[in-house]
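**Student:** make a model of this:
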Amino acid sequence: MLTQGISVLTIIILAFIVFDFVLDFILDTINSKTWDLPIPKELEGIYNEEQYEKARQYHKAKEKLSSITTVFSTLLIVVFLIFKGFAIVHLQIETISSSPVLQALLFFGAFSIASDIIGLPFELYGIFLFVVKFGFNKMTFKTYLSDKIKGYLLGAIIGGALLSLFVWFYTVAGNNFWWYAWILFSMFTLFFTMFYTSLIVPIFNKLQPLETGSLREKIEAFAQKVSFPLTNIFVIDGSKRSTKANAYFSGLGSKKTIVLFDTLINEQSEDELVSVLAHEVGHYKMKHIQKGMIIGVLQMGVLLFILSLFINKPALTQALGLQTDVPVFHLGL
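**Tutor:** So this is what the prediction gives:
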């Protein structure tokens, strides 16, 4: 059954949500004001004034759309908390299964689908109207639909497997589940970092080796000059979704893969492409990927430890609107 009224803990949760929203809004507003500044003197004559103005208009419009979306989603969460929506969904799922793992899968699956449906108008507007206005979009509805289906399948397989193990750890290890969960997520982060380009990217895009020629020779010469352990150079068909240009490298250890967007190759000279890669190699030299991984793993450990302190408290489940003396894991999560 549902709780009566709103508990102090529910008010604290709501306060955190509102505080987070207000803080992000203030910081984004302050950050956006930098776009009102003129081009720095150091870049006068290098960066085109017309391009800068277009970038300014794009950023401001994007920020406005993001603000509207954030306000809507924040209000939705607040309303759901106040009217005990999470508890109502749980009560419905409870009639389907008594398995903690299956309940968690159904609970988060339902909210993922509902969230996606609710956010669909914003997403479609952003892709097919907003981005088109600034000349970036190349995505067809067929590609969009294909991406959606693949994303759902990947989310269900990978997300479902991780969540199932997560809940199972709790059922067998109790409050000590966070150690097992931490090891699991750390291993997944390492695996994902190493094999993202070779396993995940090809599901959505075509990767082809960069043809032998002047550009490849310059890239390989630069990599050798700065002692960058280059294994593969791929070209990705980014143009089927957007005119935006990009490049990145992936991999850990002695094997590194550089990926160039075809839009980047079409728009930049060979020397400019090498300079873009110099930026990416800078991330490698500064060990940004390793540092980011370590910070992410440590942060996840802290979050899981804090979760282990509260997950067994019935008050946390009650704060979500369910009247019970037994904590419900997925509600607490």
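**Student:** and the helices in the stretch 51-200 of the chain?
**Tutor:** Along the stretch 51-200 of the chain, counting by DSSP state H, counting those that start in this stretch, helices occupy 85-94, 100-125, 131-133, 141-154, 160-173, 177-195.
**Student:** will you turn these into a markdown table that also has mean pLDDT?
**Tutor:** Output for these, formatted as a markdown table (pLDDT from 0 to 100):
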| stretch | mean pLDDT |
| --- | --- |
| helix 85-94 | 93 |
| helix 100-125 | 92 |
| helix 131-133 | 79 |
| helix 141-154 | 92 |
| helix 160-173 | 93 |
| helix 177-195 | 91 |
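**Student:** those: which one's closest to D325?
**Tutor:** Among the helices of the stretch 51-200 of the chain, helix 85-94 comes nearest to D325, with 14.5 Å by Cβ to Cβ. C-beta coordinates here come from the backbone N, C-alpha and C atoms, glycine included.
**Student:** list the buried residues in the closest one.
**Tutor:** 85-87, 89-90, 93 (16 or more other Cβ atoms under 10 Å).
**Student:** what's the answer for stretch 5-21, then?
**Tutor:** Using 16+ other Cβ under 10 Å as the test for burial, stretch 5-21 gives 10, 13-14, 21.
**Student:** could those residues go into CSV alongside distance to T189?
**Tutor:** Converted to CSV, the buried residues of stretch 5-21 look like this (distance: Cβ to Cβ, whole Å):
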residue, distance to T189
T10, 33
I13, 28
L14, 31
F21, 28
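**Student:** and those residues as a markdown table, adding secondary structure?
**Tutor:** Shown next, in a markdown table, are the buried residues of stretch 5-21 (DSSP: H, G, I helix; E, B strand; the rest coil):
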| residue | secondary structure |
| --- | --- |
| T10 | helix |
| I13 | helix |
| L14 | helix |
| F21 | helix |
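**Student:** and those, which two are the farthest apart?
**Tutor:** Of all pairs in these, the most separated under Cβ to Cβ is T10 and F21 at 16.8 Å.
**Student:** count of residues packed around D116?
**Tutor:** Neighbour count of D116, defined by other Cβ atoms under 10 Å: 14.
**Student:** over to K62?
**Tutor:** Other residues near K62 come to 15 when the count uses other Cβ under 10 Å.
**Student:** grab the nearest non-local neighbour of it.
**Tutor:** Closest residue to K62 apart from its sequence neighbours, by Cβ to Cβ, 6 or more residues apart in numbering: F130 at 7.6 Å.
**Student:** helices or strands next to the host helix or strand of L23 in the packing?
**Tutor:** Using DSSP states H and E, L23 sits in helix 8-32. Helices and strands touching helix 8-32, by 3 or more Cβ pairs under 8 Å, 6 or more residues apart in numbering; DSSP states H and E, are helix 49-82, helix 314-319.
**Student:** which residues sit against it?
**Tutor:** Outside helix 8-32, the residues within contact range by Cβ atoms under 8 Å, 6 or more residues apart in numbering are 59-60, 63, 66-67, 70-71, 74, 77-78, 81-82, 315-316, 318-321.
**Student:** run through the stretch 151-300 of the chain and note the low-pLDDT ranges.
**Tutor:** 254-255 (pLDDT under 70).
**Student:** before we move on, the earlier item: JSON lines please, covering the helices and strands packed on helix 8-32 and showing distance to Y196 and mean pLDDT.
**Tutor:** Listed next are the helices and strands packed on helix 8-32 as JSON lines, based on distance: least, Cβ to Cβ, whole Å; pLDDT from 0 to 100:
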{"stretch": "helix 49-82", "distance to Y196": "25", "mean pLDDT": "89"}
{"stretch": "helix 314-319", "distance to Y196": "34", "mean pLDDT": "90"}
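**Student:** could you find the closest non-adjacent residue to T171?
**Tutor:** P100 (5.7 Å).
**Student:** do I have it right that that neighbour meets F169?
**Tutor:** No: between P100 and F169 there is no contact under Cβ atoms under 8 Å: 11.0 Å.
**Student:** those two: which is more packed in?
**Tutor:** Between P100 and F169, counting by other Cβ under 10 Å, F169 is the more crowded of the two (19 against 16).
**Student:** wait, the more buried one touches A181, no?
**Tutor:** Yes: counting by Cβ under 8 Å, F169 does reach A181; the two are 5.4 Å apart.
**Student:** what residues does the residue nearest to K62 make contact with?
**Tutor:** Here F130 is in contact with 61-62, 65 (criterion: Cβ under 8 Å, 6+ apart).
**Student:** and it, how far from N246?
**Tutor:** 19 Å (Cβ to Cβ, to the nearest Å).
**Student:** of the buried residues of stretch 5-21, closest to D271?
**Tutor:** The closest of these, once distances to D271 are taken by Cβ to Cβ, is F21, at 44.9 Å.
**Student:** where's the closest one relative to I77, distance?
**Tutor:** Taking Cβ to Cβ, one finds F21 at 9 Å from I77.
**Student:** ditto for L105
**Tutor:** Distance of L105 to I77, given as Cβ to Cβ: 21 Å.
**Student:** of those two, which one has the most company?
**Tutor:** L105 (20 against 16).
**Student:** now do the contacts for that one.
**Tutor:** 160, 163-164 are the contacts of L105 under Cβ under 8 Å, 6+ apart.
**Student:** if we go to 10 Å?
**Tutor:** When contacts are counted by Cβ atoms under 10 Å, 6 or more residues apart in numbering, L105 touches 93, 97, 99, 156, 159-160, 163-164, 167, 330.
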